[in-house]
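**Student:** here is my input, please return the structure:
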Amino acid sequence: MTEPGARDEHVIRLEHGEPIRFGAGRDRGLRFTRYGSLEAVDASAADADSLLTHDAHAADPSYAFALSRLDSSDFAHTPIGVFRQVPRASYDDLMAEQLETARTEQGDGDLAALLAGGDTWQVG
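**Tutor:** Numbering: from 1, shown residues only. Model prediction:
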């Protein structure tokens, strides 16, 4: 049986605007490699500017995706928290906007005229 809190060293708490730190004494940090993947480093030995501060509002989803992939067979840490939180229009809102734009530019349209128009095919 593990002691309470023993698993905490494997938890990476994601808090917007806070440095991403973890480990027994929060002595580990994350940074991007030159190839764009994330790596765990000794925070005290790393360049402070290279360590990540969590940005849940980043426009680019690749950062949140990389965080979500930290728990793998070769990386024994589990990230928890809000990975990404960005305001976006719903599908319905985007579709309604697209339909309104089409109506404004082309008029309401006529289904009967479309079906009886010259671009129909007869299958026989």
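**Student:** from here on, contacts and neighbour counts on C-alpha atoms
**Tutor:** Will do.
**Student:** quick check: pLDDT value at residue 109.
**Tutor:** In the predicted model, residue 109 carries a pLDDT score of 84.
**Student:** could you do residue 115 as well?
**Tutor:** Reported pLDDT at residue 115 in the predicted model: 77.
**Student:** with residue 91 instead?
**Tutor:** For residue 91, the model assigns a pLDDT of 95.
**Student:** swap in residue 120?
**Tutor:** As summarised for this prediction, residue 120 has a pLDDT of 63.
**Student:** again, but for residue 33
**Tutor:** Predicted confidence (pLDDT) for residue 33: 87.
**Student:** against residue 96, how distant is it?
**Tutor:** With the distance defined as Cα to Cα, to the nearest Å, residue 33 ends up 42 Å from residue 96.
**Student:** where do the strands sit along the protein?
**Tutor:** Under the criterion DSSP state E, the chain contains strands at 11-14, 21-22, 28-32, 38-42, 71-72, 75-76, 78-81.
**Student:** so who does the residue nearest to residue 84 when sequence neighbours are not counted touch?
**Tutor:** Leaving aside its sequence neighbours, residue 84 sits nearest to residue 56 (Cα to Cα, 6 or more residues apart in numbering; 4.3 Å). Taking Cα atoms under 8 Å, 6 or more residues apart in numbering as the criterion, residue 56 is in contact with 15-16, 64, 82-86.
**Student:** in this structure residue 10 contacts residue 80, no?
**Tutor:** No. The criterion here is Cα atoms under 8 Å, and residue 10 misses it with residue 80 at 10.4 Å.
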